[in-house]
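J.: how would this look folded up:
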Amino acid sequence: MINWTDIENSLHSWAFSFSGNIQAIWDNQNAPQPKPTYISLNINNVQKIGGYDDVRQKNGKEYLCGMRKITLKVQAYGSKSLIALTKLKDSLEFPVVEQNFKNVGLAVVEALDILNTSIDLETVWENRHSMDIFFHVASNVEMPDSIFLNKVDIGGELLDDQDNKHQLDVEINNP
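T.: Here you go, the predicted model:
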């Protein structure tokens, strides 16, 4: 299973630490928007890679194992937004960052170009910049011991086209 808590904590810590200690938040939180400069993070896509996942056994249990591609949208707001995202993008090649991500099962695949997404907010111009980062992560989901029904009992009454009642008792056993 993907440990989302560890992944989110690692991404949040990276964004704060390697941007120059700029406040980092997760998008779509029920909280006021901070004053610029700040960074927002959003895992906006988790995609299965390849065809079917593999079934693997470990310690007598079966696991469904496969790779996932995660898209992280990183946006920065305020006068230091371009600097913050440039620092973050450059840090993806630092061995300590690679190791921290590896510790939670993430591997950086690609960081796209930093885009200028600045906007006029009626009375003020807000500097904004954005980039997407692609990661790979392994998914290991423990399979249940039994996914088949062993026994089904069906009972009740059926009415025919003449409104005659017929008793129904059916039992099906899976060998």
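J.: that's a helix at residue 84, yeah?
T.: Yes - using DSSP: H, G, I helix; E, B strand; the rest coil, the assignment for residue 84 is a helix.
J.: double-check it against residue 22; I have them as touching.
T.: Yes - the pair residue 84 and residue 22 qualifies as a contact (Cβ atoms under 8 Å) at a distance of 5.1 Å. The way it works is simple: take the backbone N, C-alpha and C, and place the C-beta from them, glycine included.
J.: where do the contact lists of those two overlap?
T.: Counting by Cβ atoms under 8 Å, 6 or more residues apart in numbering, the residues touching both residue 84 and residue 22 are 37, 39, 76.
J.: pLDDT value on the last one, please?
T.: Going back to what we said before, that points to residue 76. Residue 76 carries a pLDDT value of 97.
J.: run the chain-centre distance for the helix or strand where it lies.
T.: Secondary structure assignment for residue 76, by DSSP states H and E: strand 61-77. Counting by Cα atoms, centre = their mean, to the nearest Å, strand 61-77 is centred 5 Å from the centre of its parent chain.
J.: what helices or strands is that strand leaning on?
T.: helix 4-18, strand 38-48, strand 54-58, helix 81-91, strand 128-142 (3 or more Cβ pairs under 8 Å, 6 or more residues apart in numbering; DSSP states H and E).
J.: now the angle between strand 128-142 and it, please.
T.: Strand 61-77 and strand 128-142 are oriented at 170 degrees to each other (axes from the mean of the first three to the mean of the last three Cα atoms, to 10 degrees).
J.: how about strand 61-77: buried residues?
T.: Of all the residues in strand 61-77, those buried under the rule 16 or more other Cβ atoms under 10 Å are 63, 66, 68, 70-77.
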